[in-house]
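Asker: how would this look folded up:
(chains A and B)
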There are 2 protein chains.
Amino acid sequence: MPPFDVPEGDPFGPHNLPYGVFSPAGSGEQADRSVGVRLGDHVLDAGAAARALGSPYASLLARPTLNALLAAGRTAWSDVRRAITAWVTVPAHQEAVAPFLHPLSSVTLHLPFEVADYVDFYASENHARNVGQIFRPDAPDPLTPNWKHLPIGYHGRSGTVVVSGTEVVRPSGQRKAPTDAAPVFGPSVRLDIEAEVGFVVGTPSPMGRSVGLGDFRDHVFGLCLLNDWSARDIQAWEYVPLGPFLGKSFATSVSAWITPLDALEDARVAPPARTYPLLPYLDDADEEPGGYDLRISVRINGHTVSEPPFSTMYWTAAQQLAHMTVNGASLRTGDLYGSGTVSGPQENQRGSLLELTWNGRDALELPDGKRTFVEDGDVVTLTAWAPGPDGTRVGLGEVTGRVVPTV
Amino acid sequence: MPPFDVPEGDPFGPHNLPYGVFSPAGSGEQADRSVGVRLGDHVLDAGAAARALGSPYASLLARPTLNALLAAGRTAWSDVRRAITAWVTVPAHQEAVAPFLHPLSSVTLHLPFEVADYVDFYASENHARNVGQIFRPDAPDPLTPNWKHLPIGYHGRSGTVVVSGTEVVRPSGQRKAPTDAAPVFGPSVRLDIEAEVGFVVGTPSPMGRSVGLGDFRDHVFGLCLLNDWSARDIQAWEYVPLGPFLGKSFATSVSAWITPLDALEDARVAPPARTYPLLPYLDDADEEPGGYDLRISVRINGHTVSEPPFSTMYWTAAQQLAHMTVNGASLRTGDLYGSGTVSGPQENQRGSLLELTWNGRDALELPDGKRTFVEDGDVVTLTAWAPGPDGTRVGLGEVTGRVVPTV
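Answerer: Predicted structure coming up:
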């Protein structure tokens, strides 16, 4: 079958066209990297194709990262997408770009952009309630008083954001049970995952200015899947009063493919009803729908353990961006922000093992044994799809990682 | 007086030689920037001098940032310093480099390095106790239980680290008094400063490996002064449970000069006695002294309001680096970490207005009026010096910034 004839129902058909960075297998050299666009089980070398076609977009695509494309802004993003759509769907163009299609299995995928700042939010009400109940069982309300007034977030470590497929070394650190007199040191014994969606900023903004709700699509290029690996024992001992640090900073995995917002127009949904009136800079009642209907699956060693629905998130990505900049903080090309763990209202929709096993109390029964937290050798994979045009599905690139023992 | 004859007692004599990045006044163009070395009230264009002398270090110095020098590693750092010392002290070399000396007043100073990740610690016991007493007056101990077992830290926003002299726009955000029914939005009414020391990482480390206490000097190039601007009202409402976010992310100012650790050998002092035994990766009892005797001054509109002594810090920069990487988090060239607010045991040694005014209760009487927090138009300046060889003083570059009203 010619590579352009993607089977009907393939979530990576020409209605999707996510962007990544690849090199011929075996070469990780920066000079051999190029922007690639996924079509079915092939990758189009978009840089080489653009050059061959004499496209004005070659300067954005014949690059070792997506950053030049990200920095080009909303109009360029739409123009480039329109051009590539023509290349892979119009027969005359297909012939010209066919030499630049590579089987996905023959290439190496890289971290698709240089991460500037990485911020992680906490935007699922179900997740926040579960965590509150687990860690603060005596509190009058599992949500802190600020939770429904602002999207709570914190900065994470951008230097340890890694691409899907990167092995994750089990972190070591301090932990202390409430009954212990002093902390002990060793490999984490409560290594967890968090199923999230990551948003990638393209257009920067200057210091001292805020970015309004309505400007979300001018600044955010697209989204990816994100696994916010978390060592619960390290986190529990360190996080009061300044928040998570080493419990999270050892690794954050992102999918190799960034799905442009333009591919997700049919997935937009209204967020849940708001409990309290929101301050004007967060009030999205009169905005276009800010939610996205992404159906996530969490698999451990191939077995599905959860299916979190992103549509249930209380805070939208547009609200998170508005909040993140309302104090005048600038945006840079390559800024990445995570949605926070996605957990739905049902038990089989929870996005972390902390919640799925209720802090280790209720082990999951998998075909290869019981699990409370992640064990060495386990492979954790997130996948997702969204409704596309005309009943199609838009696939998000998977994010996967195997846990290996502490060195 | 020839520029090489720095007056006796000048804290920027040839025993100091901090590094920065400058351009001729009026030009901020990347192409016009070069690494500069401060000598008295002059800047040596180290890149141009290296090229003129045919120095092998031209490739590290004729650059628009310090990053290439930072990445070159400890041996190169010492070699380059030795070479530059010769250029400015040996008469034959002096003649050759004299054309590359510019009056400090004639140049523009820039952010000296590209900041990778920015981490901020909380390492002063006096500061942590003061903050605990102010915010948790009913707690049995002002320090959280983890405080003396690990250096508490969190990630900040590297995209808003700015060089000394940059104006700081008063941030807006949500705040809520305990008695208010709902949060309100507006410019911060409790804008504060934090007097800190920043450490600049040169040599990277791989993911999955930790950096031991003894490897501190192989990875850290030098230090700077740092003002961690903080909006106390925004911070108070947002920071539970995930730590500071918008209360800090609007701006962090650093001095334009990075003082190499090699210039601070005579300033090394033992840290305070430890209350509890430390876990092995943090136990510095058998290490060389990890503290630095830096005498900081905090001025508002020219009036000294505090003199925090860095020698009182409970956790050392080497311990902070060991902790930051003990979970396998990698280091990158350009990583910056702040010590946390420096506060000594005396009232006039406190490094924040929060502590100096006891959360606004006791206003400072300045010649130009009372101050509880920072007002629009105020200029806040941190300076510092350390003991140098033979009774000299090693000056740290100042960090200064004027607060301007919300846009």
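Asker: Show me what the helix or strand that A:Val131 is a member of is packed against.
Answerer: In the assignment (DSSP states H and E), A:Val131 maps to helix A:125-135. On a contact count with 3 or more CB pairs under 8 Å, 6 or more residues apart in numbering or on different chains; DSSP states H and E, helix A:125-135 meets helix A:353-356. Bear in mind the C-beta positions are built from the backbone N, C-alpha and C, glycine included.
Asker: can you list contacts of the helix it packs on?
Answerer: Residues from elsewhere that reach helix A:353-356, judged by CB atoms under 8 Å, 6 or more residues apart in numbering or on different chains: A:127, A:130-131, A:134, A:192-193, A:230, A:232, A:305-306, A:341, A:343, A:347, A:350, A:364, A:371-374.
Asker: Buried residues in the helix holding A:Val131, which are they?
Answerer: Buried residues in helix A:125-135, counted by 16 or more other CB atoms under 10 Å in any protein chain shown: A:Glu125, A:Asn126, A:His127, A:Ala128, A:Arg129, A:Asn130, A:Val131, A:Gly132, A:Ile134, A:Phe135.
Asker: Who are the contact partners of the last one?
Answerer: So that's A:Phe135. A:Ala236.
Asker: per-residue pLDDT, it?
Answerer: In this model, A:Phe135 is scored at 88, pLDDT.
Asker: Repeat that for the first one.
Answerer: Looking at A:Glu125, its pLDDT reads 98.
Asker: Contact partners for the residue nearest to it when sequence neighbours are not counted?
Answerer: Leaving aside its sequence neighbours, A:Glu125 sits nearest to A:Tyr314 (CB to CB, 6 or more residues apart in numbering or on different chains; 4.5 Å). Taking CB under 8 Å, 6+ apart, we find A:Tyr314 in contact with A:Ala123, A:Ser124, A:Glu125, A:Lys148, A:Pro271, A:Pro272, A:Arg274.
Asker: Check which helices and strands the strand ranked longest in chain A is in contact with.
Answerer: Looking across chain A with DSSP state E, the single longest strand is strand A:393-404. Identification of packing neighbours for strand A:393-404 by 3+ CB pairs under 8 Å, 6+ apart yields strand A:168-169, strand A:220-227, strand A:252-254, strand A:259-260, strand A:379-387.
Asker: Let me know the secondary structure of the residue in chain A positioned nearest to chain B.
Answerer: Residue nearest to chain B within chain A: A:Gly243 (2.3 Å; CB to the nearest CB). Secondary structure assignment for A:Gly243 (DSSP: H, G, I helix; E, B strand; the rest coil): coil.
Asker: How about the contacts made by the spatially closest residue to it that is not a sequence neighbour?
Answerer: Of all residues not flanking A:Gly243 in the chain, B:Gly243 sits nearest, at 2.3 Å (CB to CB, 6+ apart). Neighbour list for B:Gly243: A:Tyr154, A:Tyr239, A:Pro241, A:Leu242, A:Gly243, A:Pro244, B:Tyr154 [criterion: CB under 8 Å, 6+ apart].
Asker: my read: the third one touches B:Leu242, true?
Answerer: No - counting by CB atoms under 8 Å, A:Pro241 stays clear of B:Leu242, with 10.5 Å between them.
Asker: if you average pLDDT over the longest strand of chain A, what comes out?
Answerer: Average pLDDT, strand A:393-404: 98.
Asker: what lines up beside that strand in the sheet?
Answerer: Sheet pairing for strand A:393-404, assigned by DSSP bridges, gives strand A:168-169 (parallel), strand A:379-387 (antiparallel).
Asker: after the shortest one comes which helix or strand?
Answerer: Put plainly, it is strand A:168-169. That would be, after strand A:168-169 and using DSSP H and E, strand A:172-175.
Asker: Run through the neighbouring helices and strands of that following strand.
Answerer: strand A:184-187, helix A:232-238.
Asker: One more pass at 10 Å, please.
Answerer: Contacts defined by 3 or more CB pairs under 10 Å, 6 or more residues apart in numbering or on different chains; DSSP states H and E place strand A:172-175 against strand A:184-187, strand A:230-231, helix A:232-238.
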